[in-house]
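Undergrad: model this:
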Amino acid sequence: MLTENKFSKYLLYAVGEIVLVVIGILLALQINNWNKQKLNDKLKFEIISEIKTNLQIDLKELQDDISYFDSINQYYKDIIDYLKINASPNQDFFRLASTLRLSPHFDANLSGYSLLTSKGVEIISNDSLRKSISILYETKYPYYFKYENERIQYRQLYTMPKIEHYFITIPDPKSKYFGDFKISQQDYEDLKSDTSFLKMLNIMIYENSIMIDRAKSTENDILQLMEQLTKEINTSKLLTKG
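TA: Sure thing, here's the model as predicted:
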């Protein structure tokens, strides 16, 4: 009986030791999971904050491009009107001609999204936010770049050769556009009778108008995503404080 009593106590003690070890392991795993989650939350916060900063820069650049396209279209219309009613070029025409070299270009900031994809998009548990980010960077931006590249290709293939044929570029660091486009009287007269040049300007006005429309649509997409990011950032701050 004594032996059986000692064995029972030993068995109870052993079971207790095993339970304590198991509890210790579970606590360690839980603490490890908490630490990992804390690091993931910190990384997620840093990533979405960087994406928001990128988008703020993108938004400003895109809005500037919209303004530039509007101005350029007006310059092109003024050039067309000038050619119709003036027999000779003057300084006003040279100033207008210098705008022919302007070509706004949107260069998106991708550092935040690149970091997200390198760490895994699943780090963002908010399904709606994750989808919105992916749609902007994988669909909306490429869609905008497609139209922009088509405009740039047309400019390189048709616009620039025409400009270089008729105009002489005179660099001037003090000029608003860092140079003036001059044209001789004879070249000016040839330009007035060149219907393909007028057609080219009208096509550029049309292409720029398309870019304005695309830019405004992309601007709206950016604003909507920035609103989602702001909500997510604010939520993360509240959880951290809690």
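Undergrad: how near is A215 to T53?
TA: Applying Cβ to Cβ, to the nearest Å, the value for A215 to T53 is 20 Å. Where you see a C-beta, it was placed from the backbone N, CA and C, and this is true even at glycine.
Undergrad: between these two, who's got more neighbours?
TA: Neighbours per residue (other Cβ atoms under 10 Å) separate A215 from T53, with A215 holding more: 24 against 14.
Undergrad: contacting residues for Q63?
TA: Q63 makes contacts with E219, as judged by Cβ atoms under 8 Å, 6 or more residues apart in numbering.
Undergrad: got a pLDDT number for it?
TA: Here, the pLDDT recorded for Q63 equals 96.
Undergrad: what are the buried residues along stretch 188-196?
TA: Buried residues in stretch 188-196, counted by 16 or more other Cβ atoms under 10 Å: Y188, L191, K192, D194.
Undergrad: closest one of the residues you listed to F94?
TA: Y188 (10.5 Å; Cβ to Cβ).
Undergrad: who touches stretch 75-90?
TA: With Cβ under 8 Å, 6+ apart as the test, stretch 75-90 has contacts from 92-93, 96-97, 99-100, 102, 183, 185, 188, 191-192, 198, 201-202, 204-205, 208.
Undergrad: mark which of those residues are buried, thanks.
TA: 93, 96-97, 99-100, 183, 188, 191-192, 198, 201, 204-205, 208.
Undergrad: tell me which of those is nearest to L59?
TA: Distances from L59 to the buried ones among the contacts of stretch 75-90, taken as Cβ to Cβ, are shortest for N208 (19.7 Å).
Undergrad: and the closest residue to the closest one other than its chain neighbours, what element?
TA: Taking Cβ to Cβ, 6 or more residues apart in numbering, and ignoring the residues beside it in sequence, N208 has F69 as its nearest neighbour in space, at 4.6 Å. Per DSSP states H and E, F69 falls inside helix 2-85.
Undergrad: the following helix or strand past that helix - what's its average pLDDT?
TA: Once the chain leaves helix 2-85, the next helix or strand it forms, by DSSP H and E, is helix 91-97. Averaging the model's pLDDT scores along helix 91-97 yields 90.
Undergrad: A strand includes I170, no?
TA: Yes. Assessed with DSSP: H, G, I helix; E, B strand; the rest coil, I170 lies in a strand.
Undergrad: using PDB, write out every CA atom in the helix or strand containing K131.
TA: Using DSSP H and E, K131 sits within helix 127-135. The C-alpha trace of helix 127-135 is given here as PDB (Å, rounded to 0.1, in the frame of the first residue of the first chain):
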ATOM      1  CA  ASP A 127      -9.700  43.000 -47.700                       C
ATOM      2  CA  SER A 128     -11.200  46.100 -49.100                       C
ATOM      3  CA  LEU A 129      -8.000  48.200 -48.600                       C
ATOM      4  CA  ARG A 130      -5.800  45.400 -50.100                       C
ATOM      5  CA  LYS A 131      -8.000  45.200 -53.200                       C
ATOM      6  CA  SER A 132      -8.100  49.000 -53.700                       C
ATOM      7  CA  ILE A 133      -4.300  49.200 -53.400                       C
ATOM      8  CA  SER A 134      -3.900  46.300 -56.000                       C
ATOM      9  CA  ILE A 135      -6.400  47.800 -58.400                       C
END
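Undergrad: other SSEs contacting that helix?
TA: helix 195-241 (3 or more Cβ pairs under 8 Å, 6 or more residues apart in numbering; DSSP states H and E).
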